[in-house]
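Participant: Any chance you can model this:
(2 chains)
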Amino acid sequence: MHEQPPQIVTRFAPSPTGYLHIGGGRTALFNWLFARGRGGKFLLRIEDTDRERSTPEATAAILRGLAWLGLDWDGEPVSQFAQKDRHAEVAHEMLARGTAYKCFSSPEEIAAFRARAEADGASYAVFQSPWRDAAPETHPDAPFAIRMKAPRTGQTQIVDQVQGIVTIQNDTLDDMIVLRSDGTPTYMLAVVVDDHDMGVTHVIRGDDHLNNAARQQMVYTAMGWDVPIWAHIPLIHGPDGKKLSKRHGATGVEDYQAMGYPAAGMRNYLTRLGWAKGDAEIFTTAEAMAMFDLAGIGRAPARLDFKKLENTCGHHMAMMADAEVMAELAAYLRAAGKPALTAAQSNLLQKALYCVKDRAKTFPDLLEKAEFALAARPIQPDEASAKSLDSVSRGILKSLTLQLQNVNWTKEGLEPILNDAAAANGIGFGKLAAPLRAALAGRSATPSVFDMMLVLGQGETLARLADAAE
RNA sequence: GGCCCGUUCGUCUAUCGGUUAGGACAUCUGGUUUUCAACCAGGCAAGAGGGGUUCGACUCCCCUACGGGCUGCCA
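Facilitator: This is a model prediction of the structure:
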């Protein structure tokens, strides 16, 4: 008889005070990969207990960001605020167990204490509530907060899967408030209660919470609950090594969609940012799930490298199925606020994908390379390509138009004609290709001229050549 | 200020006491080429600094420097 290993449950718990930050996106991704790769569950909880700053718009933006990254969660998102009664119930249970107490010190008194300590030049000041051991008979009839009765001596150890064993001296921690005097729970209590109630087995989150873990662990202990497995991952920094902020440019997950990075590439890049498994660089999501582990997470903050992001995205763009490219391209256009493709454009682009998707890294890149399939006559050559349309090359195009009237419209049929035309004019094929590009695409960087001619078809090709030859 | 965490090529990283310190991106050189992309061959490039421990340290310990986090009746 083997004991069934408990199912892994992870969660992502953002506070809805803004868009989904790229760092948050990666945290969610790590949680998702870890759970999904092991047949576990990935839950979503919205930490909306700060009523001042939480907005439904932010929640919607976060959900959109996760959806774009392809991270799906089990069940409905949990609202932390909705659990407030349960949080209060636990706070009172701690009271009953003697692991928490009523504190009647007012915020003003506490502020005064801190000010005094600072004035005395104390290096640090842990507020010690006079009510910690006060007899109930001495309690005034006044509002009170519930504070945890934290140990004042000894140390608390966090066994972290990323950071190792972290030891915190208990005398540096105060008796944190778990229930405010207005009856609402604090974050420190709420996370623990929710994680416990949701059955979370692995807490994978940013290492800005590492210190908090010690106090949260005290709540688990106070309630006699199993402590989850901790994994505190380093934050993402900007290219300059500083904490990623607005001045670095894109910090929101949705910004990356609007810039045209394919989600699969983004996922791959983000997975490799701060995590490694040997030399694995380019992998599918299924492969990432199979490989991902906590042991591979690095301990130092990682910097964003747009060049590598682009390179990774290029690989994924090439690997994507055509239908996938078309669907994601449409989503990109919407996200970037650009007009959708017409049916005709979309139809022709689909035919052209085989010769453009493996040379594009992003969707704007794809659109640029596929310009020949999207543009309508008359083709407007851009500055660079216009240079190759001089009078000599126009003449060549004109004669080509005639020679291409009766030809088998295949690569085999076209090749000899174009080669002969180049030879007849005493120029290399490259010199002939340039004006053809200008005529067919109005661009100097395009797929092969044969591919363009085949995609466009004989009628359209001849029309464009004739336009340019005029 | 105090406490906690971190530091290998420009960047992401491998290494888990013994390696010519490996790979990828970027970059440079050459090749291929029908432009772009791609591709092929090759080059440049790293253990923050200082002390220990050890026969032997990138790896273990200490100090310093730098970066980050926490230090709320915010999350």
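Participant: Skipping adjacent residues, who's closest to A:Met198 in space?
Facilitator: Closest residue in space to A:Met198, ignoring its immediate chain neighbours: A:Leu43 at 5.6 Å, by Cβ to Cβ, 6 or more residues apart in numbering. (Each C-beta comes from the backbone N, C-alpha and C, glycine too.)
Participant: just checking, the one you found touches A:Asp72?
Facilitator: No. Under the criterion of Cβ atoms under 8 Å, A:Leu43 makes no contact with A:Asp72, lying 11.1 Å away.
Participant: more crowded one of these two?
Facilitator: With neighbours defined as other Cβ atoms under 10 Å, A:Leu43 and A:Asp72 compare such that A:Leu43 has more, 23 against 11.
Participant: Give me the phi and psi for that one.
Facilitator: A:Leu43 has phi and psi values of phi -110, psi 160 when expressed as degrees, to the nearest 10.
Participant: which residues does it bridge with?
Facilitator: Partner residues in beta bridges with A:Leu43: A:Arg11, with DSSP bridges as the criterion.
Participant: re the thing from before, let me see the contact set for the residue nearest to A:Met198.
Facilitator: Contacts of A:Leu43 were listed using Cβ atoms under 8 Å, 6 or more residues apart in numbering, and they are A:9-12, A:73-75, A:78, A:198, A:200.
Participant: 10 Å instead?
Facilitator: By Cβ atoms under 10 Å, 6 or more residues apart in numbering, the contact list for A:Leu43 reads A:9-13, A:31, A:35, A:73-78, A:194-195, A:198-200.
Participant: In ChimeraX, select just the buried ones from those.
Facilitator: Provided next is the ChimeraX selection string for whichever of these are buried by 16 or more other Cβ atoms under 10 Å:
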select /A:9,10,11,12,13,31,35,73,77,78,194,195,198,200
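Participant: before we move on, the earlier item: do you know how far the residue nearest to A:Met198 is from A:Ala375?
Facilitator: Spatial separation of A:Leu43 from A:Ala375 under the definition Cβ to Cβ, to the nearest Å is 47 Å.
Participant: what do you get for A:Arg38?
Facilitator: Distance from A:Arg38 to A:Ala375, by Cβ to Cβ: 49 Å.
Participant: Next: A:Asp382.
Facilitator: When A:Asp382 is compared with A:Ala375 (using Cβ to Cβ), they lie 11 Å apart.
Participant: what do the two both touch?
Facilitator: Counting by Cβ under 10 Å, 6+ apart, the shared contacts of A:Asp382 and A:Ala375 are A:441-443.
Participant: A:Leu69 and A:Tyr269 touch, don't they?
Facilitator: No. When contacts are counted by Cβ atoms under 10 Å, A:Leu69 is not listed as touching A:Tyr269 (11.2 Å).
Participant: quick one: common contacting residues for these two?
Facilitator: A:26, A:256.
Participant: who's in contact with the residue nearest to A:Thr201 when sequence neighbours are not counted?
Facilitator: The shortest distance from A:Thr201 to any non-neighbouring residue, by Cβ to Cβ, 6+ apart, is to A:Val9 (4.9 Å). When contacts are counted by Cβ under 10 Å, 6+ apart, A:Val9 is found next to A:31, A:35, A:40-43, A:74, A:195, A:198-202, A:228.
Participant: want to throw those residues into JSON lines with distance to RNA strand B and pLDDT?
Facilitator: Converted to JSON lines, the contacts of A:Val9 look like this (distance: Cβ to the nearest atom of the strand, whole Å; pLDDT from 0 to 100):
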{"residue": "A:Asn31", "distance to RNA strand B": "16", "pLDDT": "97"}
{"residue": "A:Ala35", "distance to RNA strand B": "21", "pLDDT": "97"}
{"residue": "A:Gly40", "distance to RNA strand B": "23", "pLDDT": "96"}
{"residue": "A:Lys41", "distance to RNA strand B": "21", "pLDDT": "97"}
{"residue": "A:Phe42", "distance to RNA strand B": "19", "pLDDT": "98"}
{"residue": "A:Leu43", "distance to RNA strand B": "16", "pLDDT": "97"}
{"residue": "A:Asp74", "distance to RNA strand B": "21", "pLDDT": "97"}
{"residue": "A:Asp195", "distance to RNA strand B": "13", "pLDDT": "97"}
{"residue": "A:Met198", "distance to RNA strand B": "15", "pLDDT": "97"}
{"residue": "A:Gly199", "distance to RNA strand B": "20", "pLDDT": "96"}
{"residue": "A:Val200", "distance to RNA strand B": "15", "pLDDT": "97"}
{"residue": "A:Thr201", "distance to RNA strand B": "21", "pLDDT": "97"}
{"residue": "A:His202", "distance to RNA strand B": "19", "pLDDT": "97"}
{"residue": "A:Pro228", "distance to RNA strand B": "17", "pLDDT": "96"}
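Participant: for those residues, which one is nearest A:Asn170?
Facilitator: When the contacts of A:Val9 are compared for distance to A:Asn170 (Cβ to Cβ), A:Pro228 wins out at 20.4 Å.
Participant: Can you get me a residue count around the closest one?
Facilitator: Using other Cβ under 10 Å, A:Pro228 has 22 neighbouring residues.
Participant: gap between it and A:Ile8?
Facilitator: Computed with Cβ to Cβ, the distance linking A:Pro228 and A:Ile8 is 11 Å.
Participant: likewise A:Lys307?
Facilitator: With distances defined as Cβ to Cβ, the gap from A:Lys307 to A:Ile8 amounts to 35 Å.
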